[in-house]
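Colleague: Just the structure for this:
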Amino acid sequence: YKAVKHINLDLCKIAGAHAADGTINKNFFSIIEQYEESIEAFNKWIENVFGVKYKINKISNKEYKISFHSGIITRYLKNIFNFSDGEKVYIVKEPETIKCLPLKFRKAFTLGVLTFEAGVGMKHQVEFCVASEDFKNSISDILKECNLKHTSMKKICYNTYRLWSNVLTKEQNKEWLNLFEKNTEKWYKLHENLYGYKGKINNINHSMKILNY
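Modeller: Have a look, this model is predicted:
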């Protein structure tokens, strides 16, 4: 592993992805996501920061997973960013070590979060729904600093907290695009909303997969 001496943007993205979907159990780490492109992006961030690359496992027709034992990587997540072992869905929040940094680092954290946790719906809105109010509030604060218009709600059904963008104008769409990792599923949805569909359909199965998404 590379010895990482300073917090960088990719490390903040890793922290964001973990806050959204990762799990730590002692020195074991795992992250599961329905879109393979997001998992591939996470693997690239790990490679950029630590110099290692992990195998991506397809665990169902709709989920992909990276898991590994690493006392080094988990130590960064626990000791630098203060993430805890085990279940964190109700207590997860933006790490204080990122919150006090310049906006570009908080935006990188948000990119990691939204690439894994957000949704882009048929109404061309970005939606974010979590069980931790602190987590939702931090993301809302970062969006405000980025001048991204959105609505933030208190607790709704099933003890979750939600925020969502306004219907996206062209300029707002461009700004939201910067908060998703390039060439991932939700980035493509926003890109196509802005510039039109540029893809090519190879066969009927490919078209059905896209329509299902």
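Colleague: Show the low-confidence segments of the protein, by residue range.
Modeller: Along the chain, the parts satisfying pLDDT under 70 run over 155-158.
Colleague: what ranges do the helices span in it?
Modeller: Here the chain has its helices, by DSSP state H, at 9-21, 36-50, 71-75, 96-99, 103-117, 133-145, 170-177, 185-195, 204-212.
Colleague: out of the ones you listed, deepest packed?
Modeller: Of all these, helix 9-21 carries the top mean neighbour count, a mean of 25, counting by mean count of other Cβ atoms under 10 Å. C-beta coordinates here come from the backbone N, C-alpha and C atoms, glycine included.
Colleague: Run the angle between that one and helix 36-50 for me.
Modeller: Put simply, helix 9-21 runs at 130 degrees to helix 36-50, going by axes from the mean of the first three to the mean of the last three Cα atoms, to 10 degrees.
Colleague: Spatially nearest residue to Leu190, not counting backbone neighbours?
Modeller: Leu177 (4.9 Å; Cβ to Cβ, 6 or more residues apart in numbering).
Colleague: And that neighbour, how close does it get to His69?
Modeller: 36 Å (Cβ to Cβ, to the nearest Å).
Colleague: again, but for Asn8
Modeller: For Asn8, the distance to His69 - Cβ to Cβ - is 24 Å.
Colleague: which of those two has more neighbours?
Modeller: Using other Cβ atoms under 10 Å as the criterion, Asn8 and His69 rank with Asn8 on top: 15 against 11.
Colleague: what's the spacing between the residue lying closest to that one once chain neighbours are set aside and Trp176?
Modeller: Distance criterion Cβ to Cβ, 6+ apart; nearest residue to Asn8, sequence neighbours excluded, is Val49 at 6.9 Å. Val49 sits 25 Å away from Trp176, taking Cβ to Cβ as the criterion.
Colleague: Same question for Lys107.
Modeller: For Lys107, the distance to Trp176 - Cβ to Cβ - is 12 Å.
Colleague: Same check on Phe135?
Modeller: 19 Å.
Colleague: do Lys136 as well
Modeller: The gap separating Lys136 from Trp176 is 17 Å, by Cβ to Cβ.
Colleague: just Tyr195 next, same as before
Modeller: Relative to Trp176, and taking Cβ to Cβ, Tyr195 is found at 14 Å.
Colleague: can you check Asn203 too?
Modeller: Here Asn203 is placed at a distance of 31 Å from Trp176 (Cβ to Cβ).
Colleague: Over to Lys88?
Modeller: 26 Å.
Colleague: List the contacts of the nearest residue to Lys58 once chain neighbours are set aside.
Modeller: Using Cβ to Cβ, 6+ apart and skipping residues adjacent in sequence, the residue nearest Lys58 is Tyr64, 5.6 Å away. Going by Cβ atoms under 8 Å, 6 or more residues apart in numbering, Tyr64 touches 32-36, 39, 56-58.
Colleague: Would you check which pair of those lies furthest apart?
Modeller: In terms of Cβ to Cβ, the contacts of Tyr64 reach their longest pairwise distance at Tyr35 and Asn57, which sit 14.4 Å apart.
Colleague: could you list every residue that touches the residue nearest to Ser138 when sequence neighbours are not counted?
Modeller: The spatially closest residue to Ser138, leaving aside those adjacent along the chain, is Glu94, at 3.7 Å (Cβ to Cβ, 6+ apart). Residues counted as contacts of Glu94 (Cβ under 8 Å, 6+ apart) are 19, 106, 109, 134-135, 138-139, 142.
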